[in-house]
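Asks: What shape does this take:
(2 chains)
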Number of protein chains: 2
Amino acid sequence: MGRWEPNARGRLEQAALELYLERGFEQTTVAEIAKRAGLTERTFFRHFADKREVLFWGSGTLQEHLVNAVADAPESAAPMDATAAAIESVGALFQERGENARRRQAVIAANAELRERELVKLATLSAALAEALRRRGVAEPAASLAAEAGIAVFKIAFGRWISETGGADLSSIIRESLDELKAVTAGR
Amino acid sequence: MGRWEPNARGRLEQAALELYLERGFEQTTVAEIAKRAGLTERTFFRHFADKREVLFWGSGTLQEHLVNAVADAPESAAPMDATAAAIESVGALFQERGENARRRQAVIAANAELRERELVKLATLSAALAEALRRRGVAEPAASLAAEAGIAVFKIAFGRWISETGGADLSSIIRESLDELKAVTAGR
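Replies: Below you'll find the model as predicted:
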């Protein structure tokens, strides 16, 4: 058994993001990530299945967070309000991750395979969100439409937040984008 | 040079869809598709780069169709109205393809790699639609929000049309779904 390494996961993630940006995702090896973090490959594989998982390990937490926020919304909340509460709460999570969320996105934008993986992740989140809305008694197609619209707003707000360094916080950009969506779909 | 084969592309597509449904996409070979169509492998490769392209060759046409419909919408049309016109016109294209559109979707639903490819296609269409809206002078994030909402409506309406055999036509389901989206985002 290896000795206990303080914050090994965080150090590995940090090292991986730096290397993916410096050299490209494809060109980086697990050995290099471990070395940069001052840890062993063995420690890497105790935390991550492979180098792609460093970028996507948060998907499960994200989905759980979204689903719980929908379930916790007041009974009187309309489908889109429950959805809005869910994506705003996820926005707060990303806000906390700050610079790492930006770095991760830059790595993904530079690689076609990672962009596909990200699309699959977003589609999975949308399906989970729709399912959470149906459990609140929202009928189809309203549940799927609210979920798809919510994920679209999140994606677009996230892109704006990433590009506006030092600007507004993600939750306010999400709220603004939701208002824009309302205006756009209302035909204004 | 091969002799001229009447409607070779259509016969190959038909044969491919049948075989993908009978045996699965992975298990079907180009030789089998050509044989079922009564044509040679050489003829197959004059029409399609590989067996996946039989399912995705229409993407370019679809994108052109969407972009042209947005460009052709009256100058006074609001972003969401131009988007609605575009996805309704694409709906009419699919309606014409009828049973083959349903078969294609069943093949894609059964295979993870094809589902990913379909997500990439939809993301590409959404980006092209947003670009067409920006060329009409629509600002961001309204252009991207309208495009994402439009593609989401199309995807959901298409799924309903596929599952309701012999039901309403795709264009009316698209119009209904657009109205539902308006109601959902307005918080009703």
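Asks: so where's chain A uncertain?
Replies: For chain A, residues meeting the criterion pLDDT under 70 lie at A:1-4, A:165-166, A:188.
Asks: Which stretches in it count as helices?
Replies: Counting by DSSP state H, the segments of chain A that form helices are A:8-23, A:30-37, A:41-47, A:53-56, A:59-72, A:79-97, A:99-109, A:112-135, A:142-163, A:170-185.
Asks: In JSON lines: those, plus mean neighbour count.
Replies: Using the backbone N, CA and C atoms, a C-beta is placed for each residue, glycine as well. As requested, those are exported to JSON lines (neighbours: other C-beta atoms under 10 Å in any protein chain shown):
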{"stretch": "helix A:8-23", "mean neighbour count": "19"}
{"stretch": "helix A:30-37", "mean neighbour count": "18"}
{"stretch": "helix A:41-47", "mean neighbour count": "16"}
{"stretch": "helix A:53-56", "mean neighbour count": "20"}
{"stretch": "helix A:59-72", "mean neighbour count": "16"}
{"stretch": "helix A:79-97", "mean neighbour count": "21"}
{"stretch": "helix A:99-109", "mean neighbour count": "17"}
{"stretch": "helix A:112-135", "mean neighbour count": "18"}
{"stretch": "helix A:142-163", "mean neighbour count": "24"}
{"stretch": "helix A:170-185", "mean neighbour count": "21"}
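Asks: so can I have TSV of those helices showing distance to chain B?
Replies: TSV is the format used below for the helices of chain A (distance: least, C-beta to the nearest C-beta, whole Å):
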stretch	distance to chain B
helix A:8-23	21
helix A:30-37	24
helix A:41-47	25
helix A:53-56	14
helix A:59-72	14
helix A:79-97	5
helix A:99-109	13
helix A:112-135	5
helix A:142-163	4
helix A:170-185	5
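Asks: Any idea which of these gets closest to B:Phe154?
Replies: Nearest to B:Phe154 among the helices of chain A is helix A:142-163 (10.3 Å), distances taken as C-beta to C-beta.
Asks: Packing partners of the closest one?
Replies: Under the contact definition 3 or more C-beta pairs under 8 Å, 6 or more residues apart in numbering or on different chains; DSSP states H and E, helix A:142-163 sits against helix A:79-97, helix A:99-109, helix A:112-135, helix A:170-185, helix B:142-163, helix B:170-185.
Asks: Can I get these in a markdown table including distance to B:Lys121?
Replies: Compiled in a markdown table, the helices and strands packed on helix A:142-163 are given as follows (distance: least, C-beta to C-beta, whole Å):
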| stretch | distance to B:Lys121 |
| --- | --- |
| helix A:79-97 | 25 |
| helix A:99-109 | 19 |
| helix A:112-135 | 10 |
| helix A:170-185 | 23 |
| helix B:142-163 | 10 |
| helix B:170-185 | 18 |
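Asks: A:Phe56 is nearest to which of those helices?
Replies: A:Phe56 lies closest to helix A:112-135 among those, at 6.5 Å (C-beta to C-beta).
Asks: Between helix A:8-23 and that closest one, find me the angle.
Replies: Helix A:112-135 and helix A:8-23 are oriented at 130 degrees to each other (axes from the mean of the first three to the mean of the last three C-alpha atoms, to 10 degrees).
Asks: Run through who's touching helix A:112-135.
Replies: A:25, A:52, A:55-56, A:59, A:62-63, A:66-67, A:70-71, A:79, A:82-83, A:86, A:107-109, A:140, A:142-144, A:146-148, A:150-151, A:155, B:115-116, B:119-120, B:123 (C-beta atoms under 8 Å, 6 or more residues apart in numbering or on different chains).
Asks: change it to 7 Å
Replies: With contact meaning C-beta atoms under 7 Å, 6 or more residues apart in numbering or on different chains, helix A:112-135 is reached by A:25, A:55-56, A:59, A:62-63, A:66-67, A:70-71, A:79, A:82-83, A:86, A:107-109, A:143-144, A:146-148, A:150-151, A:155, B:116, B:119-120, B:123.
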